[in-house]
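Engineer: Okay, predicted coordinates and the sequence, questions at the end:
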There are 2 protein chains.
Amino acid sequence: MMFQEKGQLRIPGPTPVPGRALRAMAKPMVNHRGPEFRDLLKGLTDRVKRVFKTQNDVIFLTASGTGAMEACVSNILSPQDKVVVTVAGYFGERFAKICEGYGAQVIRVKSEPGRPVEPSSIEERLASSPGVKAVFVTHNETSTGVQNDLEGISRVARGHGALVVVDAVSSLGAVRLETDEWGLDVVATASQKALMVPPGLSVVSVSQRAWEAIRSSRAPRFYFDLEKAKASLEKGETPFTPAISIFYALDETLGMIEQEGLENIFLRHERVTRMLRRGVRALGLELLAEDHCASKTVTAVRAPAGIDADALRRLANRQYGVVMAGGQGELSGKIFRIGHMGYVDFMDVIGVVAVLELCLSQMGYPVKLGAGVAACEEVLLS
Amino acid sequence: MMFQEKGQLRIPGPTPVPGRALRAMAKPMVNHRGPEFRDLLKGLTDRVKRVFKTQNDVIFLTASGTGAMEACVSNILSPQDKVVVTVAGYFGERFAKICEGYGAQVIRVKSEPGRPVEPSSIEERLASSPGVKAVFVTHNETSTGVQNDLEGISRVARGHGALVVVDAVSSLGAVRLETDEWGLDVVATASQKALMVPPGLSVVSVSQRAWEAIRSSRAPRFYFDLEKAKASLEKGETPFTPAISIFYALDETLGMIEQEGLENIFLRHERVTRMLRRGVRALGLELLAEDHCASKTVTAVRAPAGIDADALRRLANRQYGVVMAGGQGELSGKIFRIGHMGYVDFMDVIGVVAVLELCLSQMGYPVKLGAGVAACEEVLLS
């Protein structure tokens, strides 16, 4: 009844890679210190800056997103530095753990699952804890499907003279992120999310203010040394052998991003999010995050009473080839998460909602077949 | 007269990737926490252990070789630890710098360019400096085309109770390396060398003795945390998103390695090395390393008097599509380096030697056309 490999990968990363990007990776290797790669690196650096909305330096690192997060920490902090970290879920907690690993004094500002960390909470903590060097913000918290108010948090942090360091792994290229306008000092993202290429490459932007902090930081780093990367970039190189194939793929997807236009991409992500949320609610299911703080790249859905989220996911995968993510930590078994970033359009959402209808029906949960899809279609026609 | 892209990439990495491995990367993404990737990771882990000749744990890291070298350091050392590092060139020096970056007391045991670090020199330093925690060894020094006597150095190091930590980036899978038999505690390699796949993935083996050191080490690490990786591996996962496409490629090239057989691969590398060295010498050029310590994966050639090594490389590249590497540091302009590891056979060597004949002749250096190639052929027939 179905081709397994045609199935939908609807986890929040790695996301589906367009065929032209996959095919681009079949190009032969080149010398990473030769003219072909130099031209490619220069071009991609300039073009990715436009996605970051920045004139800051932008550095590629051959590593997945957590490597870039660690680079943010190890380049900026010294032991005993005081930092504030937004913890709206698993990835905020990861940022906090990395900071602690490097000996920083970490002040966590937490929110309940499904709620964002409010700028006002950050304001309170900064007001009562003078001398905070940096505020680490998860822009989009993948574990709960919540988007933090990055612009608001950045304003507060800068008001207290703190650097703003952003995990934009699951947001950049899908939702508005204005690096320069919002004064974001360091922004890290990774290839396998909205940039639509395979995992293994990450990107970090660094402001002038951040470079000053980096110069005085005393944490150990070598592979992720951003100053070394900047010096190499001035020669059109990376300090260490880069993941050449993934650069080839990015060359293709940046072309797609430029062709569609960032504003249209943001609208598409908003629209598929609205469709999905309306469709899921029409089936009587609850969403973990409220609309005003809902992620535009991943949606967390509460499994209804009597339905195990993981059993639902297994059925969707086995019988319909739709792969969704589960809950992490205390949310395990209680929620499932649907990724919708990058190479995603309305049909993907309709497909997922249809599969939810089918699975819930098979599991004995009362749904009216077609009701979710109808709600999606209404959004599309509105 | 030539297709540029058909040219030969003869740098010591990235090395040419076989078509079937390039094509394998066009497969769609999968969930890195799902059954397909779990099976792939398990299979590749078992199979790569056979290339490492080990029953130790083997950990994949999404990073290029220097990331793996840093993992060796940051997982094992604590600040103030005393270590010995073999420095036969640029990459030995890199290992030393990483150790210093993590606060270790580094004792460098250096050799002249083109000479190996002798086990007897290591013995002397260990005898006069008690309490050395680990000896860091570059198996194959890519910058000078020299192979250190890893087995001998390991014997000496273990005799003094030191851990043996090996940079096998440009040796593993091309020349004999017996992780278990030689008692190598940590061995690091990378994908883009003899393993014949694109850059972006590295592999580290860890002995029981090394795990004990890791448990008590106090250096900061997160992305490269080997204990975390081991815990994830037990669930069939990686702690962070892996470079899935490169795993696909490795699945293909490990199949090629198994089909040819490691012993045959070692013989092939020895043979192409002998051909190349004989061919180059027949043109009247000198090699940087003597035969007894010559690398089997990269050969450094001294440019003859009156010939600039970099001008020669530029001509070979521009006119004949052969890409060679230059000298690093003080050897810049004086040597050129020819990579011959991984997907390389006799015809590649004959091609390079022919191009050297052509270029030298064009640059006014007296060569008898065909003399180098004839010498290669003699080796092949012998």
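Structural biologist: Alright, I've got the coordinates.

Engineer: any idea which element the closest residue to A:L360 other than its chain neighbours lies in?
Structural biologist: Closest residue to A:L360 in three dimensions, ignoring its sequence neighbours and counting by Cβ to Cβ, 6 or more residues apart in numbering or on different chains: A:V367, at 4.8 Å. (C-beta placed from N, C-alpha, C; glycine too.) Element membership for A:V367, per DSSP states H and E: none, as it lies in no helix or strand.

Engineer: For A:V367, grab phi and psi.
Structural biologist: Note on A:V367: its backbone torsions stand at phi -130, psi 150 [degrees, to the nearest 10].

Engineer: Could you report the distance from it to chain B?
Structural biologist: Computed as Cβ to the nearest Cβ, to the nearest Å, the A:V367 to chain B distance reads 25 Å.

Engineer: what's the neighbour count on that residue?
Structural biologist: A:V367 sits with 19 neighbouring residues when counted by other Cβ atoms under 10 Å in any protein chain shown.

Engineer: So it versus A:P14, what's the distance?
Structural biologist: Here the criterion is Cβ to Cβ, to the nearest Å. By it, A:V367 lies 30 Å from A:P14.

Engineer: Can you spell out the domain ranges of chain A, please?
Structural biologist: When chain A is parsed with automatic domain parsing, its domains come out as A:4-15+A:261-381, A:19-259.

Engineer: and of the ones you listed, who's closest to B:Q362?
Structural biologist: With Cβ to Cβ, the closest approach to B:Q362 among the domains of chain A belongs to domain A:19-259: 20.9 Å.

Engineer: what separates that closest one from the chain centre, distance-wise?
Structural biologist: Relative to the centre of its chain, domain A:19-259 is centred 10 Å away, using Cα atoms, centre = their mean, to the nearest Å.

Engineer: Now do it: distance from first to last residue.
Structural biologist: Counting by Cα to Cα, to the nearest Å, the length from the leading to the trailing residue of domain A:19-259 is 16 Å.

Engineer: which residues sit in contact with A:P116?
Structural biologist: When contacts are counted by Cβ atoms under 8 Å, 6 or more residues apart in numbering or on different chains, A:P116 touches A:A88, A:E141, A:V146, A:Q147, A:N148, A:D149, A:C293.

Engineer: again, only this time at 6 Å
Structural biologist: Applying Cβ atoms under 6 Å, 6 or more residues apart in numbering or on different chains, one finds that A:P116 lies in contact with A:A88, A:V146, A:N148, A:C293.

Engineer: what are the phi and psi angles of it?
Structural biologist: Backbone dihedrals for A:P116, given as degrees, to the nearest 10, come out at phi -80, psi 170.

Engineer: Does stretch A:230-245 reach chain B?
Structural biologist: Yes - using Cβ under 6 Å from any Cβ of the partner chain, stretch A:230-245 reaches chain B at A:F240, A:T241, A:A243, A:I244, A:S245.

Engineer: Need the winner for burial among the domains of chain A.
Structural biologist: Among the domains of chain A, ranked by average contacts under mean count of other Cβ atoms under 10 Å in any protein chain shown, first place goes to domain A:19-259 (a mean of 22).

Engineer: circling back: now the contacts of A:P116 as TSV including pLDDT?
Structural biologist: Below are the contacts of A:P116 laid out as TSV (pLDDT from 0 to 100):
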residue	pLDDT
A:A88	98
A:V146	98
A:N148	98
A:C293	98
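
Engineer: can you tell me which of those residues lies nearest to B:P130?
Structural biologist: Looking across those and measuring by Cβ to Cβ, the closest to B:P130 is A:A88, at 51.7 Å.

Engineer: one step back: tell me the one of the contacts of A:P116 nearest B:R155?
Structural biologist: Proximity to B:R155 was ranked across the contacts of A:P116 by Cβ to Cβ; first place goes to A:A88, at 54.0 Å.

Engineer: Low-confidence stretches in chain A?
Structural biologist: By pLDDT under 70, the weakly predicted segments of chain A are A:1.

Engineer: returning to what we had before: my guess is the residue nearest to A:L360 contacts A:L358. True?
Structural biologist: No - look at A:V367 against A:L358 with Cβ atoms under 6 Å: they stay out of range, at 8.9 Å.

Engineer: Indicate which one of the domains of chain A is closest to B:V373.
Structural biologist: Go through these one by one with Cβ to Cβ and the one that ends up closest to B:V373 is domain A:19-259, at 24.4 Å.

Engineer: Which stretches in chain A count as strands?
Structural biologist: With DSSP state E applied, chain A shows strands at A:57-61, A:82-87, A:105-110, A:134-138, A:140-141, A:146-147, A:163-167, A:186-190, A:202-206, A:286-287, A:298-302, A:325-326, A:335-339, listed in chain order.

Engineer: Can you say which of the domains of chain A is nearest to B:V301?
Structural biologist: The closest approach between B:V301 and any of those, judged by Cβ to Cβ, belongs to domain A:19-259 at 17.5 Å.

Engineer: Write out the residues of the stretch 51-200 of chain A neighbouring chain B.
Structural biologist: Taking Cβ under 6 Å from any Cβ, the part of the stretch 51-200 of chain A that reaches chain B is made up of A:62-64, A:66-67, A:70, A:98, A:101-102, A:192, A:198-200.

Engineer: Which one of those residues is nearest to chain B?
Structural biologist: A:G200 (3.2 Å; Cβ to the nearest Cβ).

Engineer: residues contacting that closest one?
Structural biologist: Contact partners of A:G200, counting by Cβ under 6 Å, 6+ apart, are A:A243, A:I246, B:T62, B:G200, B:A243.

Engineer: tell me the phi and psi of it?
Structural biologist: Recorded main-chain torsions at A:G200 are phi 130, psi 0, according to degrees, to the nearest 10.

Engineer: and what of A:A168?
Structural biologist: Comment: the main-chain dihedrals of A:A168 come out as phi -110, psi 30, following degrees, to the nearest 10.

Engineer: I'd guessed it sits against A:H139; true?
Structural biologist: Yes - under the criterion of Cβ under 6 Å, A:A168 makes contact with A:H139 at 4.7 Å.

Engineer: Please state the offset of stretch A:252-272 from the chain centre?
Structural biologist: Centroid separation between stretch A:252-272 and its chain, computed with Cα atoms, centre = their mean, is 15 Å.

Engineer: and the end-to-end length of it?
Structural biologist: The first residue of stretch A:252-272 is 23 Å away from its last residue (Cα to Cα).

Engineer: and for that stretch, what are the contacting residues?
Structural biologist: Counting by Cβ under 6 Å, 6+ apart, stretch A:252-272 makes contact with A:20-21, A:24, A:47, A:174-176, A:195-197, A:296, A:340, A:344, A:349, all of which sit outside it.

Engineer: From B:K193, how far out is A:H32?
Structural biologist: A:H32 sits at a distance of 13 Å from B:K193 (criterion: Cβ to Cβ).

Engineer: swap in A:R94?
Structural biologist: As defined by Cβ to Cβ, A:R94 lies at a distance of 32 Å from B:K193.

Engineer: What of A:S111?
Structural biologist: When Cβ to Cβ is applied, the distance between A:S111 and B:K193 equals 46 Å.

Engineer: Longest helix in chain A, please.
Structural biologist: When every helix of chain A is counted residue by residue (DSSP state H), the longest turns out to be helix A:262-282.

Engineer: Correct me if wrong: A:G67 contacts B:F222.
Structural biologist: No - with contact defined as Cβ under 6 Å, A:G67 and B:F222 do not form a contacting pair (8.8 Å).
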